[in-house]
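> What follows is a predicted protein model with its sequence.
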Amino acid sequence: MTDFQDYRRRVDALNHHSHQYYVLDDPQISDAQYDAAYAELQKIEADHPDWILPESPTQRVGDAPLEAFETVRHRVPMVSLANAFDDDELARFVQRIGERLDLDTESMAFAAEPKMDGLAINLRYESGQMVQATTRGDGEVGEDVTQNVRPIRAIPLKLFAEQPPKVLEVRGEVFMPRAAFDALNQAQKNADKKPFANPRNAAAGTLRQLDPRIAAQRELAFFAYGWGELDPDFPWPETYSARMQQLQDWGLPLNPCSETVTGFSGMQEYFERLSAKRDRLDYEIDGIVYKVDDLSQQQTLGFTARAPRWAIARKFPAQEVWTTLTAIDIQVGRTGTLTPVGRLEPVQVGGVVVSNATLHNLDEIHRKDVRVGDTVVVRRAGDVIPEILGPVLSQRPEQTQVFEMPDTCPECGSEVVREPDKAAYRCTGGLVCPAQRKRALHHFVSRKALDIDGLGDKLIDQLVDQGWVKRPDDLFHLQAGQLQSLPRMGKKSADKVIKAIEKARHTTFARFVYSLGISEVGEVTANTLASHYRTLEALQEAEVEELVTLSDIGEVVAEKVHQFLNEAHNQAVIQGLVEAGVTWPRPEPAAAETKTVESPFNEATVVVTGTLSQMTRDEAKDALRQLGAKVTGSVSSKTDFLIAGENAGSKLTKAESLGITVLDEAALLEALDKAGIKS
Ligand code: IVH
């Protein structure tokens, strides 16, 4: 038999475990145990509907769609912040504080925390119960979005406090984590619905969703960074940081990157630290907020008409800007794929000037409805290639035209065909097309291929334009005298190029295979092929049935490899290279065929990212292969381990969101050591 006290204890326990899970990231019971306890609670509530407590975890999601949101006047206005766009502006902010308080700011404490790129929200707690959640609105009047905030698991419906204050308004930011945003947009795409432009818009759209059941399906999170109305009789701590600590003790989530720093120099160090971490965070931030920590000092400083004098937002360079799309050019790739490239009115994004951005393919251009002449939203996050998110339709000039692919290749005039079932368009010119010829040669000499230093892309283009080089093996017949006749090429540099070409004759079988530029055969697959077949003759006789049994090679790749090696033109090139004296030592037999080493990486799918300190990434990949791992380039649900070095970026974020085990370089070194392999 259950009584009400028992029911209440169960609600408290579930809320405690939910907080451990969603806020502290430190679950104390398994998901299955939680689910079982939740199911029991539901049963008790079904038997005793009159017991149901508003803070019960079953009461997070409402079911009555609203007609519209009610407006609510804030009891304490929700002000905004002044901005500082560079160090000078930040220094002036600190200086003004020093003058007004007549203090040496170098020893003053400031709270420093990320400026979340989400939406400000006011959570009202009365006697510990959350009774209302409102948006900022214009700062004076906002909207009641309680129904959509209750499902946010990081927000406690009841404070964990023995004696809660009569009134507490918590302020903070509601945001959508990147992983949740990616999943939501994927679902939007699958349902043929328009994707959201960024996590902020997705969060805003979710909070303003009239049907609470839809809002509850989307994952939002929350960090507290302040307060509104407070119970005047409650003994509140005297500093910002101590008050925030109090809120945290009551179950409200704070940003774990928050710190208290000292003086302008402390602020700058924090800026450096956070900037370095920015791309690895699972949410978007657009700057740092610094606040005077001492609340009596805050009071002395007071407010200007718009913002507090005791706080400032030090903004990061914008990652999303507007500019004009002046043209869409077509680039012809190594295998003939036509890629549209957006040419932009140059603009600063994320601290660098951008004048080109990828548009991926025709479907994408049509889906986004981007046209030449449009004002477009350009985004650059971290070191990712700048991307055109979409047009600003209100700015569209008259008479723009929907973009179409050309019927003929802009480089060689050959017919363009669309690959069946693919978004890709391809030039049919093959190596007749100078663009493809050039790209194939750029690939052939690149670092991971034959690594011919000194043969830059420009020089190759000249050699092709002169008609001296049509295929890779032609490179080995070049003469220094010939090169010297090119503009700006002296005897010394000509000799250097010839020397570099000479040197490249001695290579490895894997590099040779990779350098051929077989479509779909990257470095990893080239390695697999080389260590399995070990001789050119064996590789040339490979059958599709055998190729597909190799790790990392599926049917599509096997077909491509087979086709390539059996095509007369390619055979002539390979023959030509061998005749020109390109040689390599016979590769060791594949590790798996000789011995199986004991290692956690045996048979595991592993990705390496970031900068390692003891070895290069390529060395790490080789080492992993020796340990029996399958090394791939991108993180997916099939990945078993991610080895992350310094400054790991999106791969790390993705791995973390997929719950993949992330290891550091030391773990790899240890495994090598145990297996008796020298790193
Ligand atoms: S404090 C009186 N702290 O920035 C101080 N705001 O431009 C009020 N924001 O509307 C704000 N992260 O939406 C503060 N750590 C943070 C913040 C933050 C994001 C947003 C908030 C506010 C806007 C002010």
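Yep, it's here.
> wait, what's in contact with residue 184?
176, 196, 202, 218, 219 (Cβ atoms under 8 Å, 6 or more residues apart in numbering). From N, CA and C alone the C-beta is placed, and that goes for glycine too.
> In the stretch 301-450 of the chain, where is pLDDT below threshold?
Applying pLDDT under 70 to the stretch 301-450 of the chain flags residues 381-383, 421.
> What parts of it come near the ligand?
308, 311, 313 (Cβ under 6 Å from any ligand atom).
> Checking the residue in the stretch 51-200 of the chain that the ligand sits nearest to next. Helix, strand or coil?
The ligand sits closest to residue 120 of the stretch 51-200 of the chain, with a gap of 3.3 Å, by Cβ to the nearest ligand atom. With DSSP: H, G, I helix; E, B strand; the rest coil as the basis, residue 120 sits in strand.
> what separates stretch 297-309 from the chain centre, distance-wise?
In terms of Cα atoms, centre = their mean, to the nearest Å, the centre of stretch 297-309 is set 37 Å apart from its chain centre.
> how long is it end to end?
One end of stretch 297-309 to the other measures 10 Å (Cα to Cα, to the nearest Å).
> re earlier: neighbour-wise, give me the winner out of the residues of the stretch 301-450 of the chain next to the ligand.
Within these, most neighbours by other Cβ atoms under 10 Å means residue 311, with 23 neighbours.
> Roughly how far does the closest residue in space to that residue that isn't next to it in sequence sit from residue 512?
Leaving aside its sequence neighbours, residue 311 sits nearest to residue 291 (Cβ to Cβ, 6 or more residues apart in numbering; 4.4 Å). If you measure residue 291 against residue 512 using Cβ to Cβ, to the nearest Å, the figure is 61 Å.
> what does residue 111 give?
59 Å.
> Which elements pack onto the one helix or strand residue 44 maps to?
Element membership for residue 44, per DSSP states H and E: helix 31-47. In terms of contacts (3 or more Cβ pairs under 8 Å, 6 or more residues apart in numbering; DSSP states H and E), helix 31-47 is packed against helix 4-22.
> on contacts alone, who are the packing partners of the helix it packs on?
For helix 4-22, the packing partners by 3+ Cβ pairs under 8 Å, 6+ apart are helix 31-47.
> So which of the contacts of residue 184 belong to helices?
residue 202 (DSSP state H).
> quick one: which of the contacts of residue 184 is most hemmed in?
residue 176 (29 neighbours).
> for that one, phi and psi?
phi -110, psi 120 (degrees, to the nearest 10).
> next one: residue 294
Torsion angles, degrees, to the nearest 10, at residue 294: phi -80, psi 120.
> mind checking pLDDT for the residue of the stretch 51-200 of the chain closest to the ligand?
For residue 120, the pLDDT comes out at 97.
> Just list the residues touching the nearest residue to residue 657 once chain neighbours are set aside, thanks.
The shortest distance from residue 657 to any non-neighbouring residue, by Cβ to Cβ, 6+ apart, is to residue 179 (3.4 Å). By Cβ under 8 Å, 6+ apart, the contact list for residue 179 reads 282, 653, 654, 656, 657.
> from these, which two are the most distant?
282 and 654 (10.2 Å; Cβ to Cβ).
> Looking at these two, which one has more neighbours?
A direct count of neighbours by other Cβ under 10 Å for residue 282 and residue 654 places residue 654 higher, at 20 against 14.
> My understanding was that the more buried one contacts residue 637; is that so?
No - at 10.2 Å, residue 654 does not count as touching residue 637 under the criterion of Cβ atoms under 8 Å.
> Mind jotting down where the strands sit in the stretch 501-650 of the chain?
605-609, 630-631, 641-644 (DSSP state E, counting those that start in this stretch).
> could you give the mean pLDDT of the helix or strand that residue 656 is a member of?
Assessed by DSSP H and E, residue 656 sits inside helix 650-658. Mean pLDDT, helix 650-658: 89.
> just the angle between it and strand 605-609, please?
Relative orientation of helix 650-658 and strand 605-609, computed by axes from the mean of the first three to the mean of the last three Cα atoms, to 10 degrees: 130 degrees.
> Kind regards, and thank you for your time.
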